[in-house]
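Asks: sequence and predicted model, in that order:
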Amino acid sequence: MKFPEEIVIIGVGETAVGKLPGHGPTQLQAWAALDAVSDAGISLHEVDGLINQDPYSIPHSMFALALSEYLGIRPTYVSSCDVGGSVTVMSMLQTAAWAVMSGNCGICLVVQGENMATSRPEGSSGQVLHTHQGGDDFKEPFGVQGAVIPYALVAQRYCHETGVDPNDFADVAIQMRKNAMRLRNRQSTKPMSREDYLRSPLIADPLRKLDCSLVSDGAGAFLVTSRRTASRLGIRGVVMKSFAMRATHCSIVQQPDISELAVSSVASAALESTGLGIEDMDLFLVHDAFTISLLLQLEGIGLCKPGEGAQMFSRGDADIDAKHPVNPHGGLLSQAHFGGALHGVEAVRQLRQDAHGRQVKSPRHALWCGNGGIFSVFGVMILAADGL
Amino acid sequence: MTEYISLIRPPTVDTQAFWDGCREGRLLVNRCDGCSQYSYFPRLHCPFCGHADVRPTTVSGDGSIYSFTTVRFSPFGDRWKSEVPYVVAQVDLDEGVRFLSRVIAPKDGQKIAIGCRVRVLFVRVLDSEMRLPFFQLAPPKATEHERRLS
């Protein structure tokens, strides 16, 4: 789980986010890729590895080849990946590290993104995935499709087990919106008050529209290499210290109890392999497809006790200048959701102290917690500003 | 008109028995001859011990609500709007499997809640022989006093 050789991220890129007509997954991924190349200050043809996400909205075949062809590179390592949610991004970063460590490539591009918003058929809601998913046969006849109904089932159970009032989810949504308002590149357009949250319609009890992430077009990208190569190029990178993951299931049809979800064991594994504790983490990037996602993961990684996550937000402890900054960029709830790449991009920007207008004070370590499906797979990556 | 039939996928070798059971109003859950555990959704093997000794077994249809939600939008476009709102629940069957289904609206003013006892109710799909295993709240237990009187 701990990378034996120092693997660093030397560049990050992102597209504009929101509704971007005329942009398909190819155009978006290429945009983010070229932005990362420019950020690193290298030339495109120094990139000799490429790993990208297979889009959900418009499935492609051989998408790593399609993107390599579009960019105009001839990589010695290519792969596409779809693990689930932001764990896809983390898994791609790990694979990039392995490709670099084994000498299959020197500088590997990792890119994730697609046009979730503009690919949706008229009148549809939420993320529309044109793919088969586990458990479909035993979901759809019962009126279940997409993410919000399964997440509502988990949220309802969470409230039953902890006694938390679902109206307290408001503080999570409000903090994420407050954070996003500090950004230039965001899809949400205005601040959120408690009244806005409570007026927001129930979609599937107890989840309201403002408990749900945005649906966006966009892409994010990373350039991964060894410390040796980075030094040769005169670049200091953010260190990928460790990564752990676990999958427990896929669909709501096989949903385990909340206590059996893998988040706790994955966070412990990622931290233990670095010798660091949760108290050493200055910053938390947490995949926030729904407000309940933040509560479950922050409690699961041990930052607060079960049932106490919402209080962390109501006390302001998750703000950028507070005890435990969470998603300074506003996350999927208020910046954009086309996947989880921008949590990783934000971690890098924060550790480089490049996060204009929302900089957390001198962060040394970031804990990035990702998930996919219905809390079906978790990944935790520890990133550090070592050597920066 | 709510159109369910297109949401039921063609059966595969592992799901055929389940859907045949539904057509006949029987709730079938695989049970392993080797380790005795029930497993759902149906597969050709037991996900607990890995052996291919599973047998579709009629279960009681009784269980308790593990979680539920009231769905207030249509996930299937305009053709499903007439179903909304509807209740989806995870039912923990007494045999030990978690079953995703619907709970039909109680007529007698009972409230759907986590922990409520439920019983399967097969609902016919329009223009088809297929039936779907939905659930209804079990009638409230007679009190000791009522039982002595009857």
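Replies: Perfect, I can see it now. Numbering: from 1, shown residues only, chains lettered A, B, ... in the order given.
Asks: the helices in the chain, which residues?
Replies: In the absence of a named chain, chain A is used. A:25-40, A:63-71, A:87-101, A:148-162, A:170-180, A:194-199, A:227-232, A:263-272, A:291-300, A:309-314, A:331-334, A:341-351 (DSSP state H).
Asks: ah, I was thinking of chain B
Replies: Under the criterion DSSP H, chain B carries helices at the ranges B:16-23, B:144-149.
Asks: and those helices, which one is worst for confidence?
Replies: Across these, helix B:144-149 has the smallest mean pLDDT, namely a mean of 66.
Asks: low pLDDT regions in the stretch 1-150 of chain A?
Replies: Along the stretch 1-150 of chain A, the parts satisfying pLDDT under 70 run over A:130.
Asks: who in it is up against chain B?
Replies: Residues of the stretch 1-150 of chain A found near chain B (CB under 8 Å from any CB of the partner chain) are A:123-126, A:135-146, A:149. Backbone N, C-alpha and C define where each C-beta goes, glycine included.
Asks: which parts of chain B sit against chain A?
Replies: Residues of chain B lying near chain A (CB under 8 Å from any CB): B:4, B:7-9, B:15, B:40-41, B:66-73, B:75-78, B:80, B:83, B:86, B:88-90, B:98, B:100-102, B:114, B:132, B:134.
Asks: show me which of the residues you listed are buried.
Replies: Neighbour-count burial (16 or more other CB atoms under 10 Å in any protein chain shown) applied to these gives B:4, B:7-8, B:15, B:40-41, B:66-73, B:75-76, B:80, B:83, B:86, B:88-90, B:98, B:100-102, B:114, B:132, B:134.
Asks: quick one, strands of the stretch 1-150 of chain A?
Replies: Secondary structure of the stretch 1-150 of chain A (DSSP state E, counting those that start in this stretch): strands at A:7-14, A:49-53, A:77-81, A:108-115.
Asks: cool, chain B as well?
Replies: Using DSSP state E, the strands of chain B run over residues B:28-32, B:38-39, B:54-58, B:62-71, B:86-93, B:98-103, B:117-124, B:131-137.
Asks: where does chain B dip in pLDDT?
Replies: Applying pLDDT under 70 to chain B picks out residues B:1-2, B:142-150.
Asks: ok, now with 80
Replies: Scanning chain B with the threshold set as pLDDT under 80 gives B:1-6, B:140-150.
Asks: find the nearest non-adjacent residue to residue A:265, please.
Replies: residue A:246 (6.3 Å; CB to CB, 6 or more residues apart in numbering or on different chains).
Asks: then residue A:364?
Replies: That would be residue A:385: by CB to CB, 6+ apart, it lies 5.2 Å from residue A:364.
Asks: could you do residue A:58 as well?
Replies: residue A:119 (5.7 Å).
Asks: what residues does that neighbour make contact with?
Replies: Listed by CB atoms under 8 Å, 6 or more residues apart in numbering or on different chains, the contact partners of residue A:119 are A:24, A:57-58, A:128.
Asks: would you check that residue B:128 makes contact with residue B:6?
Replies: No. Contact between residue B:128 and residue B:6 fails when scored by CB atoms under 8 Å: they sit 10.5 Å apart.
Asks: quick revisit: quick one: closest of the strands of the stretch 1-150 of chain A to residue A:265.
Replies: Set against residue A:265 and scored by CB to CB, the strands of the stretch 1-150 of chain A come closest in strand A:77-81, at 22.3 Å.
Asks: name the helices or strands packed onto the closest one?
Replies: With contacts taken as 3 or more CB pairs under 8 Å, 6 or more residues apart in numbering or on different chains; DSSP states H and E, strand A:77-81 sits against strand A:49-53, helix A:63-71, helix A:87-101.
Asks: got the buried residues for the last one?
Replies: When neighbours are counted by 16+ other CB under 10 Å, the buried residues of helix A:87-101 are found to be A:87-97, A:99-100.
Asks: in PDB, list the C-alpha atoms belonging to it.
Replies: The C-alpha trace of helix A:87-101 is given here as PDB (Å, rounded to 0.1, in the frame of the first residue of the first chain):
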ATOM      1  CA  VAL A  87     -12.000   5.300  -6.600                       C
ATOM      2  CA  THR A  88     -11.500   5.100 -10.300                       C
ATOM      3  CA  VAL A  89      -9.300   8.100 -10.200                       C
ATOM      4  CA  MET A  90      -7.300   6.800  -7.200                       C
ATOM      5  CA  SER A  91      -6.900   3.400  -8.900                       C
ATOM      6  CA  MET A  92      -5.700   5.000 -12.000                       C
ATOM      7  CA  LEU A  93      -3.100   7.000 -10.000                       C
ATOM      8  CA  GLN A  94      -1.900   3.700  -8.400                       C
ATOM      9  CA  THR A  95      -1.700   2.000 -11.700                       C
ATOM     10  CA  ALA A  96       0.300   5.000 -13.100                       C
ATOM     11  CA  ALA A  97       2.700   4.700 -10.100                       C
ATOM     12  CA  TRP A  98       3.200   1.000 -10.900                       C
ATOM     13  CA  ALA A  99       3.800   1.700 -14.600                       C
ATOM     14  CA  VAL A 100       6.400   4.300 -13.600                       C
ATOM     15  CA  MET A 101       8.000   2.100 -11.000                       C
END
